[in-house]
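Q: Quick one, structure for this:
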Amino acid sequence: MPHVDTPQSRCRLGVARCDITPPVGIYHRMWGAATHERAAGIHRPLTATAIAFSSLESRAREGRDAAGLERGAQLGTAEQPGASADGSGDGEQILIAVDHCIFFGNDMESLLDAISRRADVGREKLLIVFSHTHAAGLINTDRAHLPGGDLIAPYLEELGAKLADIVRQTRLAARPATLVYGAGRCAMAAHRDFFDEAMGGYVCGYDPQGPADDTVLVARAVDDDGRTMATFVNYACHPTTLAWQNQLISPDFPGAMREIVEAAIDAPCVFLQGASGDLGPREGFVGDVSLADRNGRQLGFAALAALEALPAPATRFEYAGAVVSGATIGTWRHAPLSKADLANLAKWRLERWTIDLAYRPGLPTVGALTEDRARWELEKAQAQKSGKLESARDAHAMIERADRQLARLKNLPPGAEFPLPATMWSIGGGIWLGVEAELYQLLQCALRERFPETPIVVMTLANGARPTYLPTQQAYETGVYPETIALLARGSLERLIETIGDRIAAWRGDLSK
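A: Next up, the predicted model:
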């Protein structure tokens with residue numbers, strides 16, 4: 001019978017959300033060009049959503065496991081689910097989608113440790129992915145000495161407790177579910193490596209001629225009672241609508257996007273940032289929050305259109321035969337999948353590994369950067385004394401660049417290569433991939449081109465971004481901003497893509513047996 005299959009997955013799934021909005025008055029100066037220090041208010045709340053994925057096999061004895069987790073919650077411990085039955089890795093992955101830009105160094109490590117300890121879950125199972133909003137504030141304890149910085153440490157302590165709580169909740173709430181995948185298009189994201197002819201160099205801004213991946217990958221999770229548990233929107237675009245002029249805490253465009261989707265589908269909508277190193281909003285770098293909302297509505301309506309087009313879970317669209325009418329009509333129907341098909345949708349594989357990528361030759365030393373910083377401090381002081389406010393602002397921006405680069409260099413693992421962490425799990429017809437760092441769009445485009453029949457949810461900034469950007473080979477030595485701060489050698493992105501692609505190919509072969 002002619003039919004059309006929609007990619008789907010069968011697993012156990014739990015979802016829990018909390019508000020993580022920082023207090024007004026906290027240190028907020030994300031942008032070097034900003035002149036304010038503290039957050040003056042809140043545009044939209046920030047949220048965190050925890051999603052527990054586990055194989056159906058890892059929780060076959062549901063009653064015993066649920067009781068064990070319940071006892072663990074009461075006693076401060078938790079029984080851990082075992083590995084998947086086929087021996088292909090752990091049977092559980094916990095994803096935490098957080099409305100923040102990024103956490104650096106020790107703050108990232110401390111947060112993961114706190115969640116692991118408080119939720120009594122193995123740290124290797126935790127994958128924090130950032131929406132990457134640049135309007136949440138620069139929440140790092142090395143800013144404690146600055147105005148509003150005294151609020152950072154208490155906020156991070158509270159954040160660890162909140163995230164641990166939703167991790168516990170999501171594991172307790174996990175139940176059999178089906179994920180149905182689809183895709184749409186949204187033109188909000190644009191290429192952002194623009195060559196300024198007058199300046200004779202690259203700027204980080206809208207490039208009308210550059211390529212921009214407009215894919216909106218969506219998924220809808222439905223439990224066995226037919227209730228939507230969550231929707232997922234995977235899109236690649238820097239949330240940089242709001243820039244140095246903005247003084248409000250905001251999720252940027254993901255906030256309005258979620259509002260649009262959740263108004264139509266009564267379930268949490270989870271935004272997952274794709275490979276957006278060279279992508280940003282066509283209109284951005286402003287202080288007008290209404291533009292952030294407008295950008296969010298563009299993505300929200302595109303995502304909602306793709307979600308509404310999804311068929312019912314655990315079905316296929318098949319030809320039902322001819323009906324004689326004024327014309328002879330060919331009819332189609334949504335038919336339930338067979339037990340064998342459902343079993344294939346539950347095939348599970350999870351691996352966590354590192355990919356060794358060479359450091360970039362000639363990285364600046366801590367000593368040289370410290371000297372540069374001191375020079376910019378002097379220029380800032382002289383500009384302020386002379387009343388040259390714009391020059392003082394520019395000097396402050398260069399100090400900020402030096403501070404961030406110093407923090408990155410101090411947190412790099414020793415040796416000639418960086419062990420880049422990757423986490424990938426395959427469930428039936430879909431693949432979920434989390435990679436540290438900010439990667440150019442080539443990552444998702446190349447993988448999806450190689451595996452066009454397989455939805456690949458690509459999540460970057462997974463548990464941080466120690467190597468900063470991974471640009472394409474062509475971007476090196478151009479002077480474009482992401483390339484100037486990239487810490488890994490030319491060709492690292494292409495090697496990463498090949499390595500992940502080869503692993504997916506092996507998995508697809510294994511899982512088809």
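Q: burial measure for residue 360, as a count.
A: By other C-beta atoms under 10 Å, the residues close to residue 360 number 17. Backbone N, C-alpha and C define where each C-beta goes, glycine included.
Q: list the contacts for it?
A: Each residue near residue 360 by C-beta atoms under 8 Å, 6 or more residues apart in numbering is listed here: 486, 487, 488, 489, 490.
Q: Not including adjacent chain positions, what is the nearest residue to it?
A: residue 489 (5.0 Å; C-beta to C-beta, 6 or more residues apart in numbering).
Q: hang on, the earlier thing: out of the contacts of residue 360, the closest to residue 474 would be?
A: If you rank the contacts of residue 360 by distance to residue 474 using C-beta to C-beta, residue 490 comes first, at 9.5 Å.
Q: you'd agree that closest one is up against residue 473?
A: Yes. In this structure residue 490 lies within contact range of residue 473 using C-beta atoms under 8 Å: 5.5 Å.
Q: These two: which is more packed in?
A: More neighbours sit around residue 490 than around the other of residue 490 and residue 473, counting by other C-beta under 10 Å; the figures are 18 against 12.
Q: Could I get the full set of helices for the stretch 251-400 of the chain?
A: When secondary structure is read from DSSP state H, counting those that start in this stretch, the stretch 251-400 of the chain shows helices at 253-264, 289-308, 339-345, 366-386, 389-410.
Q: Looking at the ones you listed, spot the one closest to residue 58.
A: Nearest of those to residue 58, taken as C-beta to C-beta: helix 339-345 at 15.3 Å.
Q: Tell me which residues of the closest one come out buried.
A: In terms of neighbour count (16 or more other C-beta atoms under 10 Å), helix 339-345 has its buried residues at 341, 342, 344, 345.
Q: Could you list every helix and strand in contact with that helix?
A: strand 8-19 (3 or more C-beta pairs under 8 Å, 6 or more residues apart in numbering; DSSP states H and E).
Q: distance between the strand it packs on and the chain's centre?
A: Shown here is strand 8-19, whose average C-alpha point lies 16 Å from the average C-alpha point of the whole chain (C-alpha atoms, centre = their mean, to the nearest Å).
Q: Neighbouring strands - and their directions - for that strand?
A: strand 47-54 (antiparallel), strand 175-185 (antiparallel) (DSSP bridges).
Q: The first one to helix 253-264, inter-axis angle?
A: For strand 47-54 against helix 253-264, the angle between stretch directions is 70 degrees (axes from the mean of the first three to the mean of the last three C-alpha atoms, to 10 degrees).
Q: residues making contact with strand 47-54?
A: Residues contacting strand 47-54 (C-beta under 8 Å, 6+ apart): 11-20, 81, 91-99, 159, 162-163, 166-167, 169-171, 173-174, 230, 251, 258, 268, 270, 425, 427, 432.
Q: From those residues, list just the buried residues.
A: When the contacts of strand 47-54 are checked against 16+ other C-beta under 10 Å, the ones flagged as buried are 11-18, 20, 81, 91-99, 159, 162-163, 166-167, 169-171, 173-174, 230, 251, 258, 268, 270, 425, 427, 432.
Q: Next SSE downstream of the least confident helix or strand in the chain by mean pLDDT?
A: For the chain, counting by mean pLDDT, DSSP states H and E, helix 62-75 ranks last in confidence among helices and strands (a mean of 44). Per DSSP states H and E, the first helix or strand lying C-terminal to helix 62-75 is strand 92-98.
Q: The residue nearest to residue 360 and residue 359 touch, don't they?
A: Yes. Proximity of residue 489 to residue 359 meets the contact threshold set by C-beta under 8 Å, at 6.4 Å.
Q: So residue 219, which state does it fall into?
A: Of the three states, residue 219 takes strand under DSSP: H, G, I helix; E, B strand; the rest coil.
Q: need the contact list for it.
A: When contacts are counted by C-beta under 8 Å, 6+ apart, residue 219 is found next to 179, 180, 181, 182, 231, 232, 234, 430, 455, 457.
Q: which residues does the last one contact?
A: So the one you mean is residue 457. Counting by C-beta under 8 Å, 6+ apart, residue 457 touches 217, 219, 232, 234, 272, 430, 431, 432, 433.
Q: Domain map for the protein?
A: Here the domain assignment for the chain is 5-312+346-359+415-511, 366-410, based on automatic domain parsing.
Q: which of the residues in stretch 221-238 are buried?
A: Within stretch 221-238, the residues that qualify as buried by neighbour count (16+ other C-beta under 10 Å) are 221-223, 228-238.
Q: Hmm, I typed the wrong one, I wanted stretch 264-272.
A: Neighbour counts using 16+ other C-beta under 10 Å place 265, 267, 268, 269, 270, 271, 272 of stretch 264-272 among the buried residues.
Q: Can you give me the first-to-last residue distance of it?
A: The straight-line separation of the ends of stretch 264-272 (C-alpha to C-alpha, to the nearest Å) is 19 Å.
Q: per-residue confidence averaged over it?
A: Stretch 264-272 shows a mean pLDDT of 98 in the predicted model.
Q: That stretch: how far from the chain's middle?
A: Centroid separation between stretch 264-272 and its chain, computed with C-alpha atoms, centre = their mean, is 15 Å.
Q: swap in stretch 333-348?
A: In terms of C-alpha atoms, centre = their mean, the centre of stretch 333-348 is set 29 Å apart from its chain centre.
Q: Quick check on the nearest residue to residue 19 once chain neighbours are set aside: phi, psi?
A: For residue 19, the nearest residue in space outside its immediate sequence neighbours is residue 45; the separation is 5.3 Å by C-beta to C-beta, 6+ apart. Note on residue 45: its backbone torsions stand at phi -70, psi 150 [degrees, to the nearest 10].
Q: Next: residue 161.
A: phi -70, psi -40.
Q: show me what contacts the nearest residue to it once chain neighbours are set aside?
A: Once its chain neighbours are removed from consideration, residue 161 has its nearest residue in residue 118; the separation is 6.3 Å (C-beta to C-beta, 6+ apart). Residues near residue 118 by C-beta under 8 Å, 6+ apart: 160, 161, 164, 165.
Q: by how many degrees do the helix or strand hosting residue 118 and strand 47-54 diverge?
A: Taking DSSP H and E as the criterion, the element that holds residue 118 is helix 105-119. What separates the directions of helix 105-119 and strand 47-54 is an angle of 60 degrees, with the same axes, to 10 degrees.
Q: how far does the helix or strand following helix 105-119 sit from the chain's center?
A: Counting by DSSP H and E, the element after helix 105-119 in chain order, helix or strand, is strand 126-130. The chain centre lies 7 Å from the centre of strand 126-130; the measure is C-alpha atoms, centre = their mean.
Q: buried residues in strand 126-130?
A: Along strand 126-130, these residues count as buried under the neighbour rule (16+ other C-beta under 10 Å): 126, 127, 128, 129, 130.
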